[in-house]
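*Asks:* Sequence first, predicted model second:
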Amino acid sequence: MSLFKEEDLKNGSVTLSEDGSAIVILDQTRLPLHEVYLTLRTKEEIYDAIKVLAVRGAPAIGICAAYAVYVLSLPKAEMDYESFAAAMEADAEYVNSSRPTAVNLSWAIRRQMAVIREHADKPVREIIRLLKEEAIAIHREDIEMCAKISEYGLSLVKAGDGILTHCNAGPLATSKYGTAIGPMLLAKERGIDLKVFADETRPLLQGARLTSYELTKAGVDVTLICDNMASMVMKNGWVQAVFVGCDRIAANGDVCNKIGTSGVAVLAKYYGIPFYTLGPYSTIDMSCPTGDDIHIELRDPEEIKKMWYKEPMALEETKCFNPCFDVTDHSLVTAIVTDRGIVYPPFAENLKKLFGESGDVSADSFGKQHCE
Ligand code: MRU
């Protein structure tokens with residue numbers, strides 16, 4: 001049964017504007033108190049929106065990038081094919097350089113650039129029409145994949161269970177349902193009660209600002225905790241499973257996700273709690289051998305020292321280390337929940353069975369750039 005409805009394409013955190021000339025995003029930096037929509041038309045606006053996390057979450061970044069290639073093609077309709085392809089290549093490189101870690105960004109751009117290359121014999125206007133079709137297909141696929149992931153995820157828990165999650169992997173970060181949050185929303189729809197613990201997720205507070213906002217609005221029983229409280233709620237026996245999203249999964253099953261995820265996985269192992277990561281095939285990078293090969297984004301120290309506070313909480317000269325993601329070793333992962341099924345260890349073998357030797361995220365120029 002497909003949970004996809006045509007209107008889902010219009011209701012997400014990333015959509016195409018009514019007239020089809022721009023991307024409309026819900027500005028995630030303003031949540032939870034302000035629901036502000038931004039209209040993005042230029043490559044600079046798109047780059048900035050991704051960079052500052054106005055649009056964030058691996059799949060949502062991928063959907064945004066897919067629409068970006070289409071929207072940026074519109075003013076180039078009068079060009080000949082060679083100039084069009086070269087200009088699109090330059091725009092795509094620029095948008096792709098906005099953030100390095102989530103593989104969905106390069107994956108979606110690669111899909112769109114393939115449309116341009118494969119239809120070199122067609123008029124540019126026709127290629128632009130095909131880019132729109134492909135962007136909508138990527139968006140639609142994500143909605144369908146999230147629904148499948150949510151079903152698989154829900155099969156791993158039962159009524160009354162406590163689930164701990166880190167960062168935000170809900171509809172805001174994807175499309176309908178989300179990945180790690182999907183089973184919780186699906187459970188609610190089906191009258192199954194789960195108790196969710198949301199890590200606040202320092203330093204950008206995606207858990208506090210986004211996960212608890214989404215779950216509260218959906219009527220799910222959610223309790224917000226600081227990151228350093230996860231051990232206590234686990235020790236108290238309140239957590240039966242950990243569900244987290246992912247930004248890139250390497251071929252050996254190492255999981256790259258929001259900074260702090262690996263610590264949660266270590267705790268889960270200690271307390272004997274299953275640790276699941278949930279993500280679509282577009283997040284699995286079979287061209288990346290291990291987590292050591294993933295480029296981890298480093299962000300501005302101000303996010304630790306100043307952001308969220310009335311005045312700085314550390315001296316100007318205090319050194320900071322602000323990695324945006326970490327890698328959870330595959331030995332700590334109970335299973336990887338994908339749209340194609342639940343993958344158990346040995347991951348290197350089982351991921352290969354499901355996603356092939358090279359996977360769907362191949363190491364072309366866009367993919368390779370960020371997997372070193
Ligand atoms: O820096 P962010 O907020 O983009 O990081 C997002 C995450 O780490 C999510 O857990 C991940 O992208 C999965 S979203 C389905």
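*Replies:* Received, thanks. Here the structure is a predicted model, which is why all the values come from computation and not from measurement.
*Asks:* For the closest residue to the ligand within the chain, which non-adjacent residue is spatially closest?
*Replies:* The chain approaches the ligand most closely through Gly245 (2.7 Å), counting by Cβ to the nearest ligand atom. C-beta coordinates here come from the backbone N, C-alpha and C atoms, glycine included. Nearest-residue entry for Gly245: Ala169, 2.8 Å, with adjacent residues in sequence omitted and distances by Cβ to Cβ, 6 or more residues apart in numbering.
*Asks:* Pretty sure the one you found sits in a helix.
*Replies:* No: going by DSSP: H, G, I helix; E, B strand; the rest coil, the assignment for Ala169 is coil, not a helix.
*Asks:* For the stretch 1-150 of the chain, which segments are assigned as strands?
*Replies:* Secondary structure of the stretch 1-150 of the chain (DSSP state E, counting those that start in this stretch): strands at 14-16, 23-26, 37-40.
*Asks:* quick one, domains of this structure?
*Replies:* 6-146, 157-355 (automatic domain parsing).
*Asks:* Could you export these as a markdown table, including mean neighbour count?
*Replies:* Shown next, in a markdown table, are these (neighbours: other Cβ atoms under 10 Å):
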| stretch | mean neighbour count |
| --- | --- |
| domain 6-146 | 19 |
| domain 157-355 | 20 |
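*Asks:* Tabulate these in TSV, adding columns for mean pLDDT.
*Replies:* Listed next are these as TSV, based on pLDDT from 0 to 100:
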stretch	mean pLDDT
domain 6-146	97
domain 157-355	97
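*Asks:* picking up where we left off before, show me the contacts for the residue of the chain closest to the ligand.
*Replies:* Counting by Cβ atoms under 8 Å, 6 or more residues apart in numbering, Gly245 touches 57-58, 167-169, 173, 178-180, 257-258, 277-279.
*Asks:* Could you rerun that using 6 Å?
*Replies:* 169, 179-180, 257 (Cβ atoms under 6 Å, 6 or more residues apart in numbering).
*Asks:* Tell me which of the residues you listed fall in strands.
*Replies:* Asn257 (DSSP state E).
*Asks:* I figured Asp221 hits Leu194, correct?
*Replies:* No: in terms of Cβ atoms under 6 Å, Asp221 does not count as a neighbour of Leu194; the distance is 7.0 Å.
*Asks:* rewinding a little: let's have the strands of the stretch 1-150 of the chain in a markdown table, adding distance to the ligand.
*Replies:* Below are the strands of the stretch 1-150 of the chain laid out as a markdown table (distance: least, Cβ to the nearest ligand atom, whole Å):
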| stretch | distance to the ligand |
| --- | --- |
| strand 14-16 | 13 |
| strand 23-26 | 13 |
| strand 37-40 | 16 |
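*Asks:* can I get these in JSON lines with distance to Arg209?
*Replies:* Below are the strands of the stretch 1-150 of the chain laid out as JSON lines (distance: least, Cβ to Cβ, whole Å):
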{"stretch": "strand 14-16", "distance to Arg209": "18"}
{"stretch": "strand 23-26", "distance to Arg209": "12"}
{"stretch": "strand 37-40", "distance to Arg209": "17"}
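*Asks:* Perfect, I'm done here.
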